[in-house]
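>>> Could you work out the structure for the sequence below:
(one chain, ligands or ions: 1)
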Amino acid sequence: MHRIIAAVSDSPALKADSLKRRIDLTEDLNREVVDIKGMAKFIGKGIFAKKAFKAGELVVIGIQTEPAEKSIHSITGPDGNEYIYNHIAETINHHCNPNTGPLQVGDSWSFFARRGIEATEEITWAYDWTEPVIGHFNGDGDKGGQCLCSSADCRTPLKGFNTLNPTQVEAIQRQKEELKVAVAAYSRTAI
Ligand SMILES: [Zn+2]
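Next up is the predicted model:
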């Protein structure tokens, strides 16, 4: 009996199926609170809040679906390796002063509100919190690497955390600290 269970649970088809079900469930949960929409100003898509979020609240669940070569579509996971993420997590756009940030849940990043977020606001996170090297950003050519967020913390041209200057490192540390404080405060009120 145990051998049969072991054989079934080791079946590659079943494992793939259960990953697919996990991804579907994750995206169903994400779609209850955020939408994928085309961007008015830029080519491409973005993720938008369907409801208001409090600072520290979980906004988008991320799950690593498979290991990947580094590309515009991969995310450096908490273990430092590259992964393809579920579509909604992967579609969140960059901002140098983002309204969410990644925290590890299970083996993956999920995205939590750094501050209060209004319904219909675009959801963003800062890619250089996790990505050591950002090779492609905003397409190739003249605008390659140019961030258009125009925040006071803007780190354009965006190249990843390996090449940040001390002021930028400090800005990111401050943002990360704000996220941790927000999540800790939210979890205290949510209990
Ligand atoms: Zn920027």
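
>>> helix/strand/coil for the residue nearest the centre of the chain?
In the chain, the centroid-proximal residue (C-alpha atoms, centre = their mean) is A89; its distance is 4.9 Å. The three-state assignment at A89 reads helix, by DSSP: H, G, I helix; E, B strand; the rest coil.

>>> quick one: it from T26, how far?
8 Å (C-beta to C-beta, to the nearest Å). Backbone N, C-alpha and C define where each C-beta goes, glycine included.

>>> Now the common contact residues for those two.
Here A89 and T26 share the contacting residues 61, 63, scored by C-beta atoms under 8 Å, 6 or more residues apart in numbering.

>>> Please report how far the closest residue to D79 other than its chain neighbours lies from the ion.
The shortest distance from D79 to any non-neighbouring residue, by C-beta to C-beta, 6 or more residues apart in numbering, is to D107 (7.1 Å). Distance, D107 to the ion, by C-beta to the ion, to the nearest Å: 29 Å.

>>> Also A119?
The value you get for A119 to the ion, if C-beta to the ion is used, is 24 Å.

>>> quick one: pLDDT of that residue?
For A119, the model assigns a pLDDT of 97.

>>> And K51, which helix or strand is it part of?
Counting by DSSP states H and E, there is no helix or strand that carries K51.

>>> from what I can see it touches A119, true?
Yes - under the criterion of C-beta atoms under 8 Å, K51 makes contact with A119 at 5.2 Å.

>>> secondary structure element for L19?
helix 12-33.

>>> again with A152
Going by DSSP H and E, A152 is not in any helix or strand.

>>> quick one: the longest helix along the chain to chain centroid distance?
Longest helix in the chain, counting residues (DSSP state H): helix 166-190. Centroid separation between helix 166-190 and its chain, computed with C-alpha atoms, centre = their mean, to the nearest Å, is 16 Å.

>>> From the contact counts, what lies against it?
strand 100-105, strand 108-113 (3 or more C-beta pairs under 8 Å, 6 or more residues apart in numbering; DSSP states H and E).

>>> Who does D35 form a beta bridge with?
Per DSSP bridges, the residues bridged to D35 are F48.

>>> what comes up buried for the longest helix of the chain?
Using 16 or more other C-beta atoms under 10 Å as the burial criterion, the residues of helix 166-190 that qualify are 168, 171-172, 175-176, 179, 182-183, 186.

>>> cool, and stretch 12-30?
Neighbour-count burial for stretch 12-30 flags 26-27, 30 (criterion: 16+ other C-beta under 10 Å).

>>> same check, this time on stretch 73-86
74-78, 82-86.

>>> pLDDT check: weakest of the residues you listed?
Among the buried residues of stretch 73-86, pLDDT bottoms out at S74, giving 92.

>>> quick one: that residue and Y83 touch, right?
Yes - S74 is within contact range of Y83, at 6.3 Å (criterion: C-beta under 8 Å).

>>> Would you tell me which residues of the protein are close to the ion?
Within the chain, the positions near the ion by C-beta under 5 Å from the ion are 96, 147, 149, 154.
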